[in-house]
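K.L.:
whatever this is, show me its structure:
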Amino acid sequence: MAFTKTFTNGSTPEIAIIGGGLSGICTVVQLQRMLQLTTYKIFEAESDLGGTWLLNSYPGCACDNLSHLYSLSFAPNYEWSRKYAPQAEILDYLQSTARAYNLYDKAVFNTKIKRMQWKEDRKKWVLEWSNLRTGEEGVYEADVVVHGTGLFNIPMIPQEFEGYQGVKWHTARWRHDVDLAGKRVGVVGVNASAIQIIPKVVDSKVKVLHVYGRNPGHVTRQFDDAYSTTWKFFLRKIPLFYFLYTTFWYYALDSTFLVYFSLTWYSALHRAIFSLAAWWHRYRQIPDPVLRAKLTPTRMLGSKRTVLSNNYYPALTQGHVDYHREAIVKVEGNRITTADGVTQELDVLILATGFAVPLNFPRGYWIGREGVDVTETWRPVTRTYFGTCTPRAPNFFMTWGPMSGSFHQSVTSVVEAQVMFMIKSLSTMMENDYASMEITEKATYKFASLAQRRSSLSAASRQPPPAPAVVDFPQKKRQPPTKGGARISFWCGTLAEFRYSNATINIK
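P.N.:
Below is the predicted model of the structure:
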């Protein structure tokens, strides 16, 4: 497909990319490759590129998608060491790709965007930035903004743990300077990060490990084989072999959306097969029936992402490891008390409590057309078009926005589809000499209705609300889910459909 690469006067738009992780790198490289655009600047709050894989460096951190499907389509990596690449390897891949396309020359590090405002009279976004090290502040004007900060950049720390007096940290801010040997350690949460961390914590010769998790999820066997030199040779030297291998796994994984987002008889069959695999994995690895019962999920498989691990359950069976399914009701000093009245004193507390909702901006951060706070327009219904753009925000694009996440596929596929939509939009804008483009209200309402309808067919929608993931403090009230789909974070369908739906731009 031929793209228009300049306005009729030969100029190109000034583009601000917020975030230097996978999304930011993919966006900039595609701008260069497909539009030959060099009028951009990357704003990164950290000291280097890499995003999630720079921040999350905890022991055991690795990709939970197949390595080759995590590769960007324009930068295949034939040298992955194993099926599920470790964090250091992924970080090196992203930074090497960034260096290959000279992204570092256009990146500003340790710089946070404080506020974004659309100026209708100038058809520009005004970004107020601040350097987190020097305190320097300034303003940057851009014709287009691409917000690509991702899902896993803002740790979510329940305020009840702020008063904990011992040593504590979130998994995304790992303290590599602290030796856990001989210490009493607590891990709060049993999400994917915790499942990767816990075996490594056990291996670090802790005195005792307490794991707190009210909602254990389904865990199945991980076939994490190392790639041989011969295998890498075939992938590197035979393009058809690489294509067939990645295509097979892409569609194989895409078919598993039935486990999460369908209630037909064949989706029930899929769930039954996966549930049996999870049950057998649990039965085989946990000899103690009491512990096995504690780790048996109460919610249907498909209610949340299934995690792959071969060493999580064996780690929990160790004699110096205790699993607590009871609610935490009190945190005082360096002690944690659960609902059964048991209090444990800890030296180190590790919070595997997840991350803040993507694009959960503070009031006044994102001001769009007519002076509207854009995120306020998402109440009660989140309105985006495939998580990529939203009304009242001209020339503004997102990656992994609301209703675009994936339970069953690689984030890379989502990001590349969204970036391609952005590329086509920019090309159309330059071809027609438009100063700005904006998604219509009709398109976003139509998509929100589709997402809501699909969500009502998901496995999660047919389950009672889960208990608070970790904490159940009596004095705290939980907010009920908002009606109308505002809390739908994931795309309820195949990635093939997602990519197809983002392939066309309709001008009105």
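K.L.:
chain center to the host helix or strand of residue 500: distance?
P.N.:
Using DSSP states H and E, residue 500 sits in helix 495-501. Using Cα atoms, centre = their mean, to the nearest Å, the distance from the centre of helix 495-501 to the centre of the chain it belongs to is 19 Å.
K.L.:
packing partners of that helix?
P.N.:
If contacts are counted by 3 or more Cβ pairs under 8 Å, 6 or more residues apart in numbering; DSSP states H and E, helix 495-501 sits against helix 239-254, helix 411-431. Yep, even glycine has a C-beta here, placed from its N, CA and C like the rest.
K.L.:
walk me through the domains of this protein.
P.N.:
If you go by automatic domain parsing, the domain ranges for the chain are 15-154+356-501, 159-223+249-351.
K.L.:
mean neighbour count added to those, as JSON lines?
P.N.:
Output for these, formatted as JSON lines (neighbours: other Cβ atoms under 10 Å):
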{"stretch": "domain 15-154+356-501", "mean neighbour count": "18"}
{"stretch": "domain 159-223+249-351", "mean neighbour count": "18"}
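K.L.:
tell me which of those lies nearest to residue 233.
P.N.:
domain 15-154+356-501 (8.5 Å; Cβ to Cβ).
K.L.:
circling back to that earlier point, residues touching the helix holding residue 500, excluding its own?
P.N.:
If you take Cβ atoms under 8 Å, 6 or more residues apart in numbering as the criterion, helix 495-501 is touched by 250-251, 254, 386, 404, 406, 409, 413-414, 416-417, 420, 491.
K.L.:
and what of stretch 111-123?
P.N.:
Under Cβ under 8 Å, 6+ apart, the answer for stretch 111-123 is 18, 43-45, 124-132, 137, 141, 143, 145, 364-370, 393-396, 435-436.
K.L.:
those residues in strands, which ones?
P.N.:
18, 43, 124-131, 137, 141, 145, 366-367, 396 (DSSP state E).
K.L.:
quick check, pLDDT for residue 1.
P.N.:
You'll see residue 1 listed with a pLDDT of 63.
K.L.:
in space, what's closest to residue 236 - neighbours in sequence excluded?
P.N.:
Counting by Cβ to Cβ, 6 or more residues apart in numbering, residue 236 lies nearest to residue 78, which is 3.9 Å off, once chain neighbours are set aside.
K.L.:
contact partners for the one you found?
P.N.:
Residue 78 makes contacts with 232, 235, 236, 242, as judged by Cβ under 8 Å, 6+ apart.
K.L.:
quick one: low-confidence parts of the stretch 351-500 of the chain?
P.N.:
Within the stretch 351-500 of the chain, the segments meeting pLDDT under 70 span 357-360, 462-488.
K.L.:
compare the contacts of residue 78 and tell me which is most surrounded.
P.N.:
Ranked by neighbour count (other Cβ atoms under 10 Å), these have residue 235 at the top, with 21 neighbours.
K.L.:
so that residue is in contact with residue 246, correct?
P.N.:
No: using Cβ atoms under 8 Å, residue 235 is not in contact with residue 246; the gap is 9.0 Å.
K.L.:
identify the contacts common to these two.
P.N.:
Joint contacts of residue 235 and residue 246 (Cβ under 8 Å, 6+ apart) are residue 68.
K.L.:
rewinding a little: among the contacts of residue 78, which ones are in strands?
P.N.:
Per DSSP E, the contacts of residue 78 never map to strands.
K.L.:
could the residues you listed be laid out in CSV, adding pLDDT and distance to residue 171?
P.N.:
CSV is the format used below for the contacts of residue 78 (pLDDT from 0 to 100; distance: Cβ to Cβ, whole Å):
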residue, pLDDT, distance to residue 171
232, 97, 31
235, 97, 32
236, 96, 34
242, 97, 33
